[in-house]
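>>> this one's sequence-less:
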């Protein structure tokens with residue numbers, strides 16, 4: 001019985017530490033996302049965030065910067081997007097930074113899918 005109680009305590013403590021780590025890491029991503037500025041280079045974004053979880057290469061002309069939609073006719077084109085995701089998410093959360101042909105940040109938005 002003592003062994004079972006110790007095992008249960010170890011599992012509980014491990015779970016608490018894991019939840020705290022996920023919460024902390026998600027907070028770090030949010031703070032880092034706020035530091036990304038329009039025009040930052042890809043290397044600057046990687047320096048801030050680390051390597052992205054994945055990269056997409058879709059051409060987009062409807063650009064979003066912190067929930068401000070920019071006109072599709074302003075000539076800005078996003079050709080590459082870095083996706084940063086929290087360690088655990090049940091809703092598909094990610095922070096996305098998009099770059100133009102010159103590797104400058106032109107798009108930045110946070111997605112939480114229902």
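Perfect, thanks for sending it. Values in this document were obtained by computation on a predicted structure and should not be read as measured data.

>>> other SSEs contacting whichever helix or strand residue 17 is part of?
Under the criterion DSSP states H and E, the helix or strand holding residue 17 is helix 2-35. If contacts are counted by 3 or more C-beta pairs under 8 Å, 6 or more residues apart in numbering; DSSP states H and E, helix 2-35 sits against helix 42-49, strand 94-99. To be clear about C-beta, it is placed using only N, CA and C from the backbone, and glycine gets the same treatment.

>>> packing partners of the longest one?
In terms of contacts (3+ C-beta pairs under 8 Å, 6+ apart), helix 42-49 is packed against helix 2-35, strand 80-84, strand 94-99, strand 105-111.

>>> returning to that earlier point: which of the residues in the helix holding residue 17 are buried?
Applying a neighbour-count criterion of 16 or more other C-beta atoms under 10 Å, one finds 26, 29, 33 buried in helix 2-35.

>>> before we move on, the earlier item: who wins for proximity to residue 64 among the helices and strands packed on helix 2-35?
Between residue 64 and the helices and strands packed on helix 2-35, the shortest gap by C-beta to C-beta is with strand 94-99, which sits at 8.4 Å.

>>> lowest-scoring secondary structure element of the chain by mean pLDDT?
strand 68-70 (a mean of 59; mean pLDDT, DSSP states H and E).

>>> low pLDDT regions in the protein?
Across the chain, the ranges flagged by pLDDT under 70 are 61-62, 66-75, 114.

>>> dump the helices and strands packed on helix 2-35 to TSV, plus mean neighbour count and distance to residue 86.
Formatted as TSV, the helices and strands packed on helix 2-35 follow (neighbours: other C-beta atoms under 10 Å; distance: least, C-beta to C-beta, whole Å):
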stretch	mean neighbour count	distance to residue 86
helix 42-49	15	12
strand 94-99	22	8
